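K.L.:
Kindly return the folded structure for what I paste below:
(one chain, ligands or ions: 1)
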Amino acid sequence: MILKTADSKKDIFYLINKYSRVISRVEAEMLLEFLFNCEKLDLYVRDFIINKTIEELYDMLASRRLNGESVQHITGRAEFMGLDFIVTKDVLIPRPETEILVNEILGAGFIAPKILDLCTGSGNIAVSLAKSMPQAEIIATDISENALKIAEKNAVLHQASAGIKFYKGNLFNALMFAKNPKFDIIVCNPPYIKEAEIPFLQKEVRSEPLIALNGGKDGLDFYRDIAKESRKFLRKGSSILLEMGFGQREAIEDIFLSYNIFSIYRVIRDFSGIERAIWINLL
Ligand code: GLN
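P.N.:
Take a look at the predicted model:
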């Protein structure tokens, strides 16, 4: 039945509330934004025709969500730093906590820095930095060819391609063919989950790429590699900003401090009060 304008708004609320016991309102809104190809605000101000087909399509999306697929994988989009990113099963879904890394860099007053974004995934960090710092020279790397393709698409989507070069390879190996790979900032949200914990993660998280999650036996493999290799790629006084997992701060500090060339500048907590990012300087 096609409803009259006056009733239509009520019906969008009907859809929003239809799964309210099992899907959060935010997620229901995200599915509807996807279904109607509109912004969240539109859901509340525009008139929508809700017919049987629309409701069935919505039911299909909702049932995928109920089967443990994340909303971002269903819609193919995830928001990061107020920008819309393309996401697929080949990339980690950008998390709000990771915005800390970007905000720290943006707030530090760098002028035209050279930045290396390791494990770029969807390119969320590199692209949002390039958007806000058009003078920055950014290199973004990832071991996954498919992830890099998505990151490049996101750079194009946000008109940030001019400021970012993409290289494929494991951490610093990716820089083999880069010209003068010396940086003012290395930023990385590395895989930091302990291998043994992976089977116990939520189903949604387990459907993300394993290589983007698995930090090895103690979750710290990537921090060890970065501490070991980064010096060659940094200018004196440059910075390393890393995301980290719950309870990892002390071990990460020990890894870096054992080289006697780094100092810990700052540790930043996330919205839940968890130590989430660490800023390390090369002395
Ligand atoms: N840089 C991406 C992010 O922060 C991907 C990180 C990863 O794959 N571990 O979301």
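
K.L.:
what about residue 139, how many neighbours?
P.N.:
Look at residue 139: counted by other C-beta atoms under 10 Å, it has 23 neighbours. All C-beta spots, glycine's among them, are computed from the backbone N, C-alpha and C.

K.L.:
That one touches residue 177, doesn't it?
P.N.:
No: between residue 139 and residue 177 there is no contact under C-beta atoms under 8 Å: 10.9 Å.

K.L.:
Pull up the overlap in contacts between these two.
P.N.:
Contact criterion C-beta atoms under 8 Å, 6 or more residues apart in numbering; residues shared by residue 139 and residue 177: residue 167.

K.L.:
For residue 13, which three-state class applies?
P.N.:
For residue 13, the secondary structure call by DSSP: H, G, I helix; E, B strand; the rest coil comes out as helix.

K.L.:
What of residue 97?
P.N.:
In terms of secondary structure, residue 97 is helix; the call rests on three-state DSSP.

K.L.:
Chain neighbours aside, what residue packs nearest to it?
P.N.:
Spatial nearest neighbour of residue 97, excluding adjacent residues (C-beta to C-beta, 6 or more residues apart in numbering): residue 270 at 4.6 Å.

K.L.:
can I assume that neighbour is in contact with residue 100?
P.N.:
Yes: Residue 270 is in contact with residue 100 according to C-beta under 8 Å; the separation is 6.4 Å.

K.L.:
Common neighbours of these two, please.
P.N.:
In terms of C-beta under 8 Å, 6+ apart, residue 270 and residue 100 are both contacted by the residues 276, 277.

K.L.:
Tell me who's in contact with the residue in the stretch 101-250 of the chain that the ligand sits nearest to.
P.N.:
Residue nearest to the ligand within the stretch 101-250 of the chain: residue 121 (2.5 Å; C-beta to the nearest ligand atom). Applying C-beta under 8 Å, 6+ apart to residue 121 gives the contacts 91, 92, 94, 142, 147, 150, 151, 189, 212.

K.L.:
who's in contact with the last one?
P.N.:
When the contact criterion is C-beta under 8 Å, 6+ apart, the partners of residue 212 are 91, 92, 119, 121, 144, 147, 191.

K.L.:
Could you list the low-pLDDT ranges of the stretch 51-200 of the chain?
P.N.:
Applying pLDDT under 70 to the stretch 51-200 of the chain flags no residue at all.

K.L.:
Tell me the residues on it that lie near the ligand, please.
P.N.:
Contact residues (C-beta under 6 Å from any ligand atom) of the stretch 51-200 of the chain with the ligand: 92, 94, 98, 119, 120, 121, 124, 125, 189, 190, 191.

K.L.:
Show me those residues that map onto helices.
P.N.:
Judged by DSSP state H, the subset of these located in helices is 124, 125.

K.L.:
between the residues of the stretch 51-200 of the chain next to the ligand, which has the most around it?
P.N.:
That'd be residue 120 among those, by other C-beta under 10 Å, with 32 neighbours.

K.L.:
For the residue lying closest to it once chain neighbours are set aside, identify the helix or strand it belongs to.
P.N.:
For residue 120, ignoring the flanking residues on the chain, the nearest one in space by C-beta to C-beta, 6+ apart is residue 140 at 3.8 Å. Element membership for residue 140, per DSSP states H and E: strand 137-142.

K.L.:
That strand: what's the following helix or strand?
P.N.:
Next element after strand 137-142 (DSSP H and E): helix 145-157.

K.L.:
then that next one to PDB, C-alphas only?
P.N.:
The C-alpha coordinates for helix 145-157 follow below in PDB (Å, rounded to 0.1, in the frame of the first residue of the first chain):
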ATOM      1  CA  GLU A 145      46.800  -5.900  -2.600                       C
ATOM      2  CA  ASN A 146      43.000  -5.900  -2.200                       C
ATOM      3  CA  ALA A 147      43.100  -3.500   0.700                       C
ATOM      4  CA  LEU A 148      45.300  -1.200  -1.200                       C
ATOM      5  CA  LYS A 149      42.800  -1.100  -4.100                       C
ATOM      6  CA  ILE A 150      40.100   0.000  -1.600                       C
ATOM      7  CA  ALA A 151      42.500   2.600  -0.100                       C
ATOM      8  CA  GLU A 152      43.200   4.000  -3.500                       C
ATOM      9  CA  LYS A 153      39.500   4.200  -4.300                       C
ATOM     10  CA  ASN A 154      38.900   6.100  -1.100                       C
ATOM     11  CA  ALA A 155      41.700   8.500  -2.000                       C
ATOM     12  CA  VAL A 156      40.000   9.100  -5.300                       C
ATOM     13  CA  LEU A 157      36.600   9.400  -3.700                       C
END
